[in-house]
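# Turn this into a structure:
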Amino acid sequence: MDFIESKDNPRYKSALNIRKGKDSGLIFVEGARLCEEALKSGLKIELALFSKEFLGSAGTLARQIESAARDAAVLKTRLFDSISDTKNPQGAALVCERPVSTLETIRTRLQDPSTAVPIAVMLLEINNPGNLGAVLRTVEAAGAAGVVTSKGSVDAFSPAVLRGSMGASFRLPLAEKVSESEAFEWARQAGLRVIVTDSNAPTLYTDADLTSPALLVFGSEAHGLSKAALESADLGLRIPLDDRVESLNLAVSAGVLLFEAKRQARH
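As a prediction, this is how the structure comes out:
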């Protein structure tokens, strides 16, 4: 592997721009576990970057990644730290092709009998990377079909979201930048019920049948669901909360409903 010693190196500059989100076709994956998940998930690795220390402590993983990557290089520790998106860099980072899914990819997963929970989750203008990462991890854990993010949402493959998802981003069908109207129309054409959570809904989530295919829609952390989304939904569900609590975290709400759907599917 080549040894990169300067910030003027073209590969260093390119990787830094990708980490900053300046190349829509490539993503920056950092940390030993995420790099390993990217390798296992079959992502196309364009460039692997390692620190000297990582090569010494995780040589086997580094060799596996190097053999799968189109290009690989070693950086001085200080140089690697300058490209990192974390406070405590682990010494391994990848530049990979961005996974691409569509609404039709999700429809295929919904129709697959092996899908444990035939529900796709749509997130409208979600701006918190940690929340999005946690939702992706929750959707995969529940065995749901995939995730749709609307226009105006945070980049689903930004380094912060990838860390929160713990690799779920690499494996889940994930359709990005879909308008609310397009998603609702697609759901209707695909025979999906559109379900929302609403604190004023008369139906408790435990009283609803969640075994049939559906699009489960959540609003942004700051503004919730639009009036149009609430009015056009086929079903509104209420999660009962203690009077002292105003709302649940987005990922928690998704988990409550998805694991209820999973419980119903098993019975």
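
# Let me see the ranges of the strands in the stretch 151-267 of the chain.
Under the criterion DSSP state E, counting those that start in this stretch, the stretch 151-267 of the chain carries strands at the ranges 174-178, 193-197, 203-204, 214-218, 235-238.

# give me the low-pLDDT residue ranges for the chain?
Applying pLDDT under 70 to the predicted model, the chain contains no residue that meets it.

# If we use 90, what do you get?
Where the chain drops to pLDDT under 90, the residues are 1-2, 23-24, 52-53, 55-60, 77, 87, 198-200, 219-232, 241-249, 267.

# about what we covered before: most tightly packed of the strands of the stretch 151-267 of the chain?
Of those, the one with the most neighbours on average (mean count of other CB atoms under 10 Å) is strand 214-218, at a mean of 26. Just so you know, the C-beta spots here come from the backbone N, C-alpha and C atoms, and that holds for glycine as well.

# elements contacting it?
strand 117-123, helix 180-189, strand 193-197, helix 250-266 (3 or more CB pairs under 8 Å, 6 or more residues apart in numbering; DSSP states H and E).

# Paired strands for that strand, with orientation please.
Counting by DSSP bridges, the strands paired with strand 214-218 are strand 117-123 (parallel), strand 193-197 (parallel).

# got a list of contacts for it?
118-124, 126, 135, 148, 183-184, 187, 192-197, 225, 229, 233, 250, 253-254, 257-258 (CB atoms under 8 Å, 6 or more residues apart in numbering).

# repeat that for 6 Å
When contacts are defined by CB atoms under 6 Å, 6 or more residues apart in numbering, strand 214-218 is touched by residues 119-123, 187, 192-196, 250.
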